[in-house]
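>>> This is a predicted model, with the sequence first.
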Amino acid sequence: EKHGFRHFMIKEIYEQPNVIRTCLEAYINPTWNEQNTDLNPINLGLFDLLDDIDHVQILACGTSWHASLIGKYLIEQLANIPTVVQYASEFRYAPSPITTNTLTIGVTQSGETADTIAALETEKQRRLALPREYRPRLLGITNRPESTLSYMVDQIINTQAGIEIGVAATKSFIAQLMGFYLLALDLAYRRQTLSLEQIYRIVEGLHHLPRQIETILEKQEKHIEDLAHEFNDTQDFIFVGRGINFPIALEGALKLKEISYIHAEGYPAGEMKHGPIALLDSKVPVVAIALPGKVYDKVLSNAQEAKARDARLIGVVAMNDLEATHIFNDLLSVPEVDELLSPIIAVIPLQLLAYHIAARRGLDVDQPRNLAKSVTVE
Ligand code: F6R
């Protein structure tokens, strides 16, 4: 069932454009347009679960935690609601002080991760006997509508990515990101924190993503496979990004370490000078996400600091970015998109890089050592 692909992971990477299409078809109202002001463009069916929210807290592990960090960015920037993201394994033993009118979101593709389930149960139990403004309001973002998570929350966003077999999460991550874009837009529409015109532009941008990802897969995979051959002896990698792409640096590092067993770290680029820069020399490649937007110049200057320490610099950059060609040793070029949507584009070359480095080393990409697809023990 790998349909000619060498591993499930690469097959699932290629399924990502269709995962986005499925989400848009399921959750954008087909009759909506900018002029139709009375119709919510987003159709997640969440009804009054989203009314009068003062706070959002998101609980997750691993890659789902990375998706949650981007979710926080979107909910705060588009819908203006203060949002915290916690590791489920930490929250369950030290929940933060209880707040009013709080939406708690559990994010787990499998719906079975023990820590995430327990963290949500902790949250539910401590709120049950309290006054109305403290009542538990639980939303799940999951790829499994029949899971333990699904039965314990009030409602779910079913991410509909289809079964994921590779242990390293790829298409389920993209689907979780889609869930967060749609949720943030739903909240922004209800609270009128964005104009209809702004919502329209974002929805339009989402519709272009599948084709843009296909462009990366068509034009860049061979190049990334060749590049991967140059890291046969590399033992450490650093990934940096800022703003909405900081979590993508974390995700790039996690993908690489879990399937290639290469030590990798993700940092917000501005933090490098507070310690990690001491690690850099010619043996430690630095992958920087340097896409057009608010933090572009800042990332470039952080990248230059790394270059001054002899690091080999790999840039995830926009295809037409000439400036970048002078700074980076290697380019992972992607179509230019609005900064707000760029995480969905930026993660694709990083998935491919991790995949090809691991495949090149002859490793069991779909079943990496010591890992399980769903972590049902604490
Ligand atoms: C990384 C990966 C893990 C999972 C984590 C949470 O590629 O697969 O980090 O993201 O174990 O899993 P779920 O989303 O099932 O709760």
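Received the coordinates, thanks. Residues are numbered from 1 along each chain as shown.
>>> what does the stretch 201-350 of the chain put close to the ligand?
For the stretch 201-350 of the chain, the contact set with the ligand under C-beta under 6 Å from any ligand atom comprises 254, 258. From N, CA and C alone the C-beta is placed, and that goes for glycine too.
>>> and with 8 Å instead?
254-255, 258 (C-beta under 8 Å from any ligand atom).
>>> Let me have those residues in JSON lines, adding pLDDT as columns.
Output for those, formatted as JSON lines (pLDDT from 0 to 100):
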{"residue": "Leu254", "pLDDT": "98"}
{"residue": "Lys255", "pLDDT": "97"}
{"residue": "Glu258", "pLDDT": "96"}
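>>> All the strands of this protein, residue numbers only.
55-60, 83-87, 102-107, 137-142, 155-158, 236-241, 263-268, 286-290, 313-318, 330-334 (DSSP state E).
>>> among these, which is the most enclosed?
strand 286-290 (a mean of 30; mean count of other C-beta atoms under 10 Å).
>>> okay, now the residue in the chain positioned nearest to the ligand: neighbour count?
Using C-beta to the nearest ligand atom, the single residue of the chain nearest to the ligand is Gly62, 2.0 Å away. Gly62 has 23 neighbouring residues, counting by other C-beta atoms under 10 Å.
>>> surely it meets Ala169?
Yes - counting by C-beta atoms under 8 Å, Gly62 touches Ala169, with 7.3 Å between them.
>>> need the contact list for the nearest residue to Cys23 once chain neighbours are set aside.
Sequence neighbours aside, Met178 is the residue nearest to Cys23 in space, at 4.2 Å (criterion: C-beta to C-beta, 6 or more residues apart in numbering). Applying C-beta atoms under 8 Å, 6 or more residues apart in numbering to Met178 gives the contacts 19-20, 23-24, 159, 206, 344.
>>> Adding neighbour count and pLDDT, write those out as CSV.
Conversion of those to CSV gives the following (neighbours: other C-beta atoms under 10 Å; pLDDT from 0 to 100):
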residue, neighbour count, pLDDT
Val19, 26, 98
Ile20, 26, 98
Cys23, 23, 98
Leu24, 18, 98
Thr159, 31, 98
Leu206, 22, 98
Ile344, 24, 98
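>>> so who does the nearest residue to Glu251 once chain neighbours are set aside touch?
Distances taken as C-beta to C-beta, 6+ apart place His66 nearest to Glu251, at 4.5 Å, with adjacent residues excluded. By C-beta under 8 Å, 6+ apart, the contact set of His66 is 173, 247-248, 250-251, 254.
>>> Wait, Trp65 touches Tyr87, no?
Yes - here Trp65 reaches Tyr87: they are 6.1 Å apart, a contact under C-beta under 8 Å.
>>> Please name the bridge partners of the nearest residue to Asp154 once chain neighbours are set aside.
Closest residue in space to Asp154, ignoring its immediate chain neighbours: Leu138 at 5.1 Å, by C-beta to C-beta, 6+ apart. Per DSSP bridges, the residues bridged to Leu138 are Thr104.
>>> Enumerate every residue touching Leu138.
Counting by C-beta under 8 Å, 6+ apart, Leu138 has contacts 104-106, 120, 123-124, 152-154.
>>> hmm, try it at 6 Å
With contact set as C-beta atoms under 6 Å, 6 or more residues apart in numbering, Leu138 has these partners: 104, 153-154.
>>> So which of these is the closest to Glu1?
For these, the minimum distance to Glu1 (C-beta to C-beta) is 31.1 Å, reached by Val153.
>>> residues touching Arg21, list them.
Pro210.
>>> where does it land on pLDDT?
Arg21 is assigned 98 on the pLDDT scale.
>>> Could you check how far it is from Ile75?
In this structure, Arg21 and Ile75 are 24 Å apart, going by C-beta to C-beta, to the nearest Å.
>>> now do Asn245
Counting by C-beta to C-beta - Asn245 and Ile75 are separated by 17 Å.
>>> out of these two, which sits in the busier spot?
Higher neighbour count among Asn245 and Ile75: Asn245, with 31 against 24, using other C-beta under 10 Å.
>>> wait, that one sits on Ile289?
Yes - assessed by C-beta atoms under 6 Å, Asn245 is found in contact with Ile289 at 4.3 Å.
>>> Which neighbours do the two have in common?
Ala346.
>>> Ser172 against Gln109, yeah?
Yes - assessed by C-beta under 6 Å, Ser172 is found in contact with Gln109 at 3.8 Å.
>>> what is in contact with the two at once?
Asn143.
>>> ok, and for stretch 112-123, which residues are buried?
112-120, 122-123 (16 or more other C-beta atoms under 10 Å).
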